[in-house]
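Undergrad: Structure for the following, please:
(chains A, B and C)
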Amino acid sequence: MSHRCWLVKSEPETFSIDDLAASPRRMTSWDGVRNYQARNFMRAMAVGDRVFFYHSNADPPAVVGIAEVSRTAYPDDTQFDKSGDHYDPDSLPDAPRWDMVDIRFLEKFDQAVSLDRLRKEPRLKGMTLLKKGSRLSVQPVTPSEWDIIVKLGKAHKR
DNA sequence: GCCAACGTTGGC
DNA sequence: GCCAACGTTGGC
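TA: Residues are numbered from 1 along each chain as shown, chains lettered A, B, ... in the order given. Sure, this is the predicted structure:
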């Protein structure tokens, strides 16, 4: 059975792919997602699914590497933390509204694949990330999109 | 159910 | 820092 592919966004100043690689066991819980569509995509993730790590609000914005899902969706504890930024007063402990998954670092690309570069690739034209106004922080990636981007991330030898 | 107001995202 | 696009909220 093959795994599905995803993309998650993070601002590198907040949490970069290097932060992920430097985390204990190279893992982190992907908390703080507060968008229903993004949450539903996380709920559809399976252990072993591949995940592109995208740096948003970066210079340049870019896909910078690969992680994998190491734990399927479970309640995001930050929704109950009154002192935290992600507190949701409307979420009840016996019916949590927001979930998170765990992801583990797999690799950093030899070369980041910038948003600009992605836009230049005709075969990526339909990609969710490239759609006008798309702000989804967790989104699916098709297998063909995956392969194209992985190739772009490998260093060119000549 | 409509839609204006508001807050957020994220490229530039 | 600006602002377009989007999602959510709440009055009606």
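
Undergrad: Pretty sure A:R26 sits against A:E107.
TA: No - contact criterion C-beta atoms under 8 Å: A:R26 and A:E107 do not qualify, at 10.5 Å. C-beta here means a position set from N, CA and C on the backbone, and glycine is covered the same way.

Undergrad: The longest strand along chain A near DNA strand C at all?
TA: In chain A, assigned by DSSP state E, the strand with the most residues is strand A:99-114. No - judged by C-beta under 7 Å from any atom of the strand, strand A:99-114 stays clear of DNA strand C, getting no closer than 13.9 Å.

Undergrad: what comes up buried for that strand?
TA: Buried residues in strand A:99-114, defined by neighbour count with 16 or more other C-beta atoms under 10 Å: A:D99, A:M100, A:V101, A:D102, A:I103, A:R104, A:F105, A:K108, A:F109, A:A112, A:V113, A:S114.

Undergrad: what do you get for stretch A:67-83?
TA: A:A67, A:E68, A:V69, A:S70, A:A73, A:P75, A:D76, A:T78, A:Q79, A:F80.

Undergrad: In contact with A:F80: list those residues for me.
TA: Applying C-beta atoms under 8 Å, 6 or more residues apart in numbering to A:F80 gives the contacts A:Y87, A:D88, A:S91, A:P93, A:P96.

Undergrad: and these, which are buried?
TA: Buried, going by 16+ other C-beta under 10 Å: A:D88, out of the contacts of A:F80.
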